[in-house]
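Trainee: Next comes the sequence, and after it the predicted model I'd like to discuss.
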Amino acid sequence: MHPIVAALKHHKTAVALVALEIALTCTIVTNALFIIGDRVAGMRVNTGVADDELVWATSSGLRDGETPESAAGRAAADMAALRAMPGVKAVARVNTLPLASRNSWGTCLQLKPGDDKKSALCTVRIYAGAPGALETLGVRLVRGRGFLPQEYRAWSLFDDKPPPAAVIVSRDLAERAWPGEDPIGKPLYFGDHGKYASHVAGVIGHLLNPDLDAHGQSGQNVFLPVTAIPGGMYVLRVAPAMRDAVSRDLPAVLDRVDDQRIVTTNQVYAQTVADYFHDDRALIWLLLAVVGCLLAVSALGVAGLSSFWVQQRARQIGIRRAIGATRGDILRYFQAENFLIVTVGIAVGSVGAVGLNFWLMKRYELAHMPLAWLGGGALVLWALGQLAALGPALRAASVPPVVATRAL
């Protein structure tokens, strides 16, 4: 090790520049890889519904003087027409789907009546569905029962009237509201000052919210039985092989029922999930490009410096070969020298990576980076440094002693 350190002292400026380049690369690459890993993990979400079997659509139109009865009749006609489509297993109406809306119904629920802020459960998302919605979505009930026919009623979050008497809650919400207790039969209070009470009839295993919550509450929601859903959507559960065909033919089917409407959305649900993470995928590709460029520049810097030093040390290489050094000895010398420079850069870069992560946590609410990512970044840079120096080191090791000594 001492000969390596002594040789590096004669090239302090070049060594410092390469070490700083490695440090900067370590700082940025480690955080970039952590962000990529965090986004990829976030995209692998379990929605809680039958992703591969759903097609959904929304429509709008101008209907002056439409009564609740006529709206219900039109919805029933739509449902009948959609059920008759080839490949359709079930049809239901809901207000939204997981990851289908960034403007979902959200509210604060209370565990006690009255204006008791201490018992309020906020950031709770509301799912509302007509009969058959849970079965159509493929949501799994893990405790209690489903809705009874008489429990469905006309209700909207924006109405100041009592909600349905029974609700179904997600397991995440049940564990938050009543940790360690049986939630069946427990009351939840809606409206101003919690003046309307509903009781828990069942618990579903998991149902993701219509939008992801940065605070980790993306599965806390309640499902309400309703008969009418203003501005809601039709959800069709179909055979996976028929999804595209059903989505293609759906507008024409609804148009035959009512040609005064406009089908505003018509999509295979799997595509909806993919579209929700469009920005995340774009960020991942951008960061991969940045990481690739930084690693390439660092590799070129290490390879260039190693090639320069091989040329400058031709005489020393020849002398070492002449007194008995093998090709392996020369190769190991240059690789060890490179390893030492890269290690210094990684040590400085690791401190910078931690500092950058703290800044990102404070500024952009990024998650804390586990120390394991520092080890992963170090391994990447060590491997990169060894590979970048391998070519010049092999050229140095392959020079015969007589040719090396005649080089000067």
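Mentor: Good, I have the coordinates.
Trainee: tell me which residues of stretch 370-389 are tucked away?
Mentor: Applying a neighbour-count criterion of 16 or more other CB atoms under 10 Å, the buried positions in stretch 370-389 are 373-374, 376-378, 380-382, 384-386, 388-389. Heads up, the C-betas are built off the backbone N, CA and C, glycines and all.
Trainee: List every C-alpha atom in it, with coordinates, as CSV.
Mentor: Extracted C-alpha coordinates of stretch 370-389, given in CSV (Å, rounded to 0.1, in the frame of the first residue of the first chain):
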residue,chain,number,x,y,z
PRO,A,370,-31.8,3.6,4.5
LEU,A,371,-28.0,3.2,4.9
ALA,A,372,-28.1,0.0,2.7
TRP,A,373,-28.4,2.3,-0.3
LEU,A,374,-25.0,3.8,0.5
GLY,A,375,-23.5,0.3,0.4
GLY,A,376,-25.3,-0.4,-2.9
GLY,A,377,-24.0,2.9,-4.4
ALA,A,378,-20.5,2.1,-3.2
LEU,A,379,-20.5,-1.4,-4.8
VAL,A,380,-21.7,0.1,-8.1
LEU,A,381,-18.8,2.7,-8.1
TRP,A,382,-16.2,0.2,-6.9
ALA,A,383,-17.2,-2.2,-9.7
LEU,A,384,-17.3,0.7,-12.2
GLY,A,385,-13.8,1.9,-11.1
GLN,A,386,-12.3,-1.6,-11.4
LEU,A,387,-13.8,-2.1,-14.9
ALA,A,388,-12.8,1.3,-16.1
ALA,A,389,-9.1,0.8,-15.0
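Trainee: what are the ranges of the strands in the stretch 251-400 of the chain?
Mentor: 262-268 (DSSP state E, counting those that start in this stretch).
Trainee: which stretches of it have low pLDDT?
Mentor: Residues of the stretch 251-400 of the chain meeting the criterion pLDDT under 70: 313-315, 317-319, 321-322, 399-400.
Trainee: Where do the helices of the stretch 101-250 of the chain begin and end?
Mentor: Here the stretch 101-250 of the chain has its helices, by DSSP state H, counting those that start in this stretch, at 133-137, 171-177, 243-257.
Trainee: Pick the most buried one from those.
Mentor: Among these, ranked by average contacts under mean count of other CB atoms under 10 Å, first place goes to helix 133-137 (a mean of 23).
Trainee: Tell me which other helices or strands that one touches.
Mentor: strand 88-94, strand 233-238 (3 or more CB pairs under 8 Å, 6 or more residues apart in numbering; DSSP states H and E).
Trainee: Tally up the residues packed near residue 165, please.
Mentor: Neighbour count for residue 165, taken as other CB atoms under 10 Å: 15.
Trainee: which residue is nearest the centroid of this protein?
Mentor: The residue lying closest to the centre of the chain (CA atoms, centre = their mean) is residue 42, at 2.4 Å.
Trainee: pretty sure it contacts residue 280?
Mentor: Yes. Residue 42 is in contact with residue 280 according to CB atoms under 8 Å; the separation is 6.9 Å.
Trainee: mind giving me the domain split of this structure?
Mentor: With domains defined by automatic domain parsing, the chain comprises 2-43+278-405, 62-260.
Trainee: is it possible to export the helices of the stretch 101-250 of the chain to JSON lines including distance to residue 302?
Mentor: Formatted as JSON lines, these follow (distance: least, CB to CB, whole Å):
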{"stretch": "helix 133-137", "distance to residue 302": "54"}
{"stretch": "helix 171-177", "distance to residue 302": "49"}
{"stretch": "helix 243-257", "distance to residue 302": "50"}
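Trainee: if we can go back for a sec, do you know which of the domains of the chain lies nearest residue 49?
Mentor: Distance to residue 49, taken as CB to CB, is lowest for domain 62-260 among the domains of the chain, at 4.4 Å.
Trainee: Just name the most buried of the helices and strands packed on helix 133-137.
Mentor: Of all those, strand 233-238 carries the top mean neighbour count, a mean of 24, counting by mean count of other CB under 10 Å.
Trainee: Note down every partner strand of that one and its orientation.
Mentor: strand 54-60 (antiparallel), strand 88-94 (antiparallel) (DSSP bridges).
Trainee: Quick one: mean pLDDT for the first one?
Mentor: This points to strand 54-60. Strand 54-60 carries an average pLDDT of 90.
Trainee: Can you point out the buried residues in the longest helix seen in the chain?
Mentor: Assignment by DSSP state H gives helix 327-364 as the longest helix of the chain. Residues of helix 327-364 classed as buried by neighbour count (16+ other CB under 10 Å): 330-331, 333-346, 348-350, 352-354, 356-357, 360.
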